[in-house]
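Undergrad: model this:
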Amino acid sequence: MQHIIKSVMTTLLLVLVPTVSFAHGDAGVATEGGLLVGSKNSPYWFQVSGAMKLDQRVYFGDTDKTSLPIDPAGTYESGAYIRDLGLSLDGGIGQDFTYTLALNFKASDSKVSVDDAFVTYHGFKHLAPNFTFSVGQVIPGFCVSCATSSKWIPFMERSMGTNVFGPQQGLGVSANTYNDHYSLTLAATQQPKAGTSLKDPSGNTIRKHDLWQGSGRFTYYPISEAGKVLQVGLSAHIQEYSNTGVQFAATPEMRSGNSTTLLNTTTILNGNSKNNSQLIAAKNQKTIDIEMLGIHGPWSGELEYQKAFIARGLTTTGVKQGKNLSFSGYHAQVSYVLTGETRPHKKSNGTLGQIKPHSKKGAWEVSGRYSFITLNDKDVSGGMAHNTAASLSWYANNNIRVIGEYVFSKQSRQFATYLDKRNVNSVGARLQVVF
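TA: Here you go, the predicted structure:
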């Protein structure tokens with residue numbers, strides 16, 4: 001772990017020292033949990049921020065199937081773990097340039113991954129309102145749940161469809177523009193994301209040329225005023241796989257460090273050996289997403305539907321694996337802030353922002369969500385699930401949040417020799433600190 005800390009400190013020094021030196025004598029230092037050097041209205045500034053999420057998860061119900069003839073998929077073991085530990089470095093490097101570097105510390109394997117790493121140019125505003133252009137490992141434009149920061153969603157996890165079908169970051173370019181009535185984000189990137197590997201349909205790690213993905217999201221606001229918003233949106237995503245092996249695995253919105261999901265498109269060919277698994281041989285994936293979002297005073301809610309179309313490719317023996325596939329998912333959720341605060345609407349990307357308490361006693365929010373996913377089609381039986389969730393959040397201040405939630409997941413998956421049906425219950429709690 002020491003080498004990780006040294007790497008992070010070196011990164012901080014390399015970025016912070018030149019930024020402060022350019023900020024001249026009028027640079028101030030401010031903090032609201034994080035650290036801001038200079039002013040974001042000046043050409044040169046620097047900010048360090050981050051988040052820590054500490055989770056406890058308890059399962060009960062049909063949490064495993066140890067009596068089945070093979071080691072079963074889907075074992076849900078209770079436990080506490082560090083769900084997320086992230087650090088973000090942002091800054092200004094001239095009149096029209098900013099940069100973002102987001103690091104994620106994986107406590108389970110003591111590794112650091114790079115989520116975002118890009119430079120943004122703000123000098124094209126004459127082309128379109130608030131137009132920006134970014135280069136690096138950028139965030140793709142896709143779906144309201146994907147674009148919303150995981151720190152401020154009403155639940156401990158995003159919905160199943162969002163996690164399974166949404167695209168990952170990748171090296172490439174993105175562009176964004178918005179005004180009071182719409183937002184538009186387009187991105188073209190290479191895959192896979194830095195730090196991840198490709199596999200062949202038999203599950204073996206392979207080397208291959210970079211694969212491409214493109215994504216776009218458009219949102220329109222027919223109603224957009226203080227405390228009252230109606231938004232509709234459409235996203236599309238295409239990703240090249242070039243006959244690599246693809247797996248769709250849906251964690252049923254109640255993760256722990258000790259659980260594995262029942263919902264998985266990987267097929268076990270013979271017995272329980274890892275060498276006998278088969279992934280989907282895919283040429284490409286095309287995904288569409290339809291969304292609706294609303295705010296009315298302390299009320300907020302969203303509806304979202306995803307549909308993924310997978311073009312099948314060739315197996316490692318050069319034979320087409322099967323017919324093309326399609327999977328889908330959706331969710332509906334509603335939230336009410338008991339203490340009267342209104343969730344802000346971020347027009348730049350059409351998402352809901354952070355609740356900031358009006359009182360020193362904090363703010364309270366109750367939320368409910370229903371979601372569905374199916375990974376069954378043709379010869380692939382990845383399973384399906386219906387999830388119902390309820391959560392209660394206490395925002396102690398702008399930096400500390402405590403979440404408690406209950407999730408009921410009704411799952412099923414057809415294996416070659418048996419049908420695995422589950423009713424899994426979960427109670428979760430989180431302490432979140434944003435700095």
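Undergrad: Pairing partners for the helix or strand that contains residue 184, with directions?
TA: If you go by DSSP states H and E, residue 184 is part of strand 182-191. Its sheet considered, strand 182-191 pairs with strand 170-178 (antiparallel), strand 211-225 (antiparallel) by DSSP bridges.
Undergrad: In this protein, where is pLDDT below threshold?
TA: 1-27, 33, 66-72, 108-109, 268-276 (pLDDT under 70).
Undergrad: Include distance to residue 286 when you put the strands paired with strand 182-191 into a markdown table, please.
TA: (Glycine included, C-beta is placed from N, CA and C.) As requested, the strands paired with strand 182-191 are arranged in a markdown table below (distance: least, C-beta to C-beta, whole Å):
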| stretch | distance to residue 286 |
| --- | --- |
| strand 170-178 | 17 |
| strand 211-225 | 10 |
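Undergrad: TSV please, covering those and showing distance to residue 311 and mean neighbour count.
TA: Shown next, in TSV, are these (distance: least, C-beta to C-beta, whole Å; neighbours: other C-beta atoms under 10 Å):
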stretch	distance to residue 311	mean neighbour count
strand 170-178	20	20
strand 211-225	13	18
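Undergrad: returning to that earlier point: which residues sit against the next helix or strand after the strand holding residue 184?
TA: Of the helices and strands lying after strand 182-191 in sequence (DSSP H and E), the nearest is strand 198-199. By C-beta atoms under 8 Å, 6 or more residues apart in numbering, the list of residues contacting strand 198-199 from outside reads 192, 205-208, 211, 244-245, 279.
Undergrad: In strands, which of the residues you listed appear?
TA: Residues of the contacts of strand 198-199 located in strands (DSSP state E): 205-206, 211, 244-245.
Undergrad: Now for those residues: which two are most distant?
TA: Largest separation among the ones in strands among the contacts of strand 198-199 by C-beta to C-beta: 205 and 211, giving 15.1 Å.
Undergrad: Mark which of the contacts of strand 198-199 are buried, thanks.
TA: Neighbour-count burial (16 or more other C-beta atoms under 10 Å) is assigned, among the contacts of strand 198-199, to 192, 211, 244-245, 279.
Undergrad: can I get the residues you listed in a markdown table with distance to residue 47?
TA: Compiled in a markdown table, the buried ones among the contacts of strand 198-199 are given as follows (distance: C-beta to C-beta, whole Å):
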| residue | distance to residue 47 |
| --- | --- |
| 192 | 29 |
| 211 | 33 |
| 244 | 38 |
| 245 | 40 |
| 279 | 41 |
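Undergrad: what's the closest of those residues to residue 110?
TA: residue 192 (21.7 Å).
Undergrad: Look at the residue lying closest to that closest one once chain neighbours are set aside and say how many residues are nearby.
TA: In this structure, residue 192 finds its nearest non-sequential neighbour in residue 198, 6.0 Å apart by C-beta to C-beta, 6 or more residues apart in numbering. Neighbouring residues of residue 198 were enumerated by other C-beta atoms under 10 Å; the total is 19.
Undergrad: do the same with residue 303
TA: Neighbourhood size, residue 303 [other C-beta under 10 Å]: 16.
Undergrad: Can you give the distance of the host helix or strand of it from its chain's centre?
TA: According to DSSP H and E, residue 303 maps onto strand 299-312. The chain centroid and the centroid of strand 299-312 are separated by 14 Å under C-alpha atoms, centre = their mean, to the nearest Å.
Undergrad: Check stretch 176-183 too.
TA: Taking C-alpha atoms, centre = their mean, one finds the center of stretch 176-183 at 22 Å from the center of the full chain.
Undergrad: do the same with stretch 188-203
TA: The chain centroid and the centroid of stretch 188-203 are separated by 17 Å, computed with C-alpha atoms, centre = their mean.
Undergrad: if we can go back for a sec, now distance to residue 256 too, for the contacts of strand 198-199, in CSV please.
TA: Listed next are the contacts of strand 198-199 as CSV, based on distance: C-beta to C-beta, whole Å:
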residue, distance to residue 256
192, 26
205, 27
206, 31
207, 33
208, 33
211, 32
244, 29
245, 27
279, 25
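Undergrad: Out of those, flag the one nearest to residue 64.
TA: Closest approach between those and residue 64, by C-beta to C-beta: residue 279, at 23.9 Å.
Undergrad: What residues are bridge-paired with the closest residue to the closest one other than its chain neighbours?
TA: With sequence-adjacent residues excluded and distances taken as C-beta to C-beta, 6+ apart, residue 279 is closest to residue 245, at 3.2 Å. Counting by DSSP bridges, residue 245 forms beta bridges with residue 281.
Undergrad: now swap in the one 5 residues further on and tell me
TA: For residue 250, the beta-bridge assignment (DSSP bridges) gives partners residue 263.
Undergrad: Check residue 29 too.
TA: Beta bridges link residue 29 to residue 37 when assigned by DSSP bridges.
Undergrad: and it, how far is that from residue 48?
TA: Separation of residue 29 from residue 48 (C-beta to C-beta, to the nearest Å): 11 Å.
Undergrad: okay, now residue 125: neighbour count?
TA: Neighbours around residue 125, by other C-beta under 10 Å: 12.
Undergrad: oh, I was asking about residue 151
TA: By the measure other C-beta under 10 Å, the count of residues near residue 151 is 13.
Undergrad: Over to residue 197?
TA: So residue 197, with other C-beta under 10 Å, has 9 neighbours.
Undergrad: Quick check: closest non-adjacent residue to it.
TA: Residue 197 sits nearest to residue 205 (C-beta to C-beta, 6+ apart), 5.1 Å away.
Undergrad: Could you do residue 119 as well?
TA: Counting by C-beta to C-beta, 6+ apart, residue 119 lies nearest to residue 99, which is 4.9 Å off, once chain neighbours are set aside.
Undergrad: elements contacting the helix or strand that contains the one you found?
TA: Per DSSP H and E: residue 99 is located in strand 97-106. Taking 3 or more C-beta pairs under 8 Å, 6 or more residues apart in numbering; DSSP states H and E as contact, the helices and strands that strand 97-106 lies on are helix 2-22, strand 79-93, strand 111-121.
Undergrad: can you name the two of the contacts of strand 198-199 that are farthest apart?
TA: Greatest spacing in the contacts of strand 198-199, by C-beta to C-beta: 207 and 279 (16.6 Å).
Undergrad: Could you pull up the residues touching the closest residue to residue 93 other than its chain neighbours?
TA: Nearest residue to residue 93, sequence neighbours excluded (C-beta to C-beta, 6+ apart): residue 99, at 6.2 Å. By C-beta under 8 Å, 6+ apart, the contact set of residue 99 is 89-91, 93, 118-120.
Undergrad: Mind giving me the PyMOL select for the residues you listed, buried ones only?
TA: Here is the PyMOL selection string for the buried members of the contacts of residue 99, based on 16+ other C-beta under 10 Å:
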select buried, resi 89+90+91+93+118+120
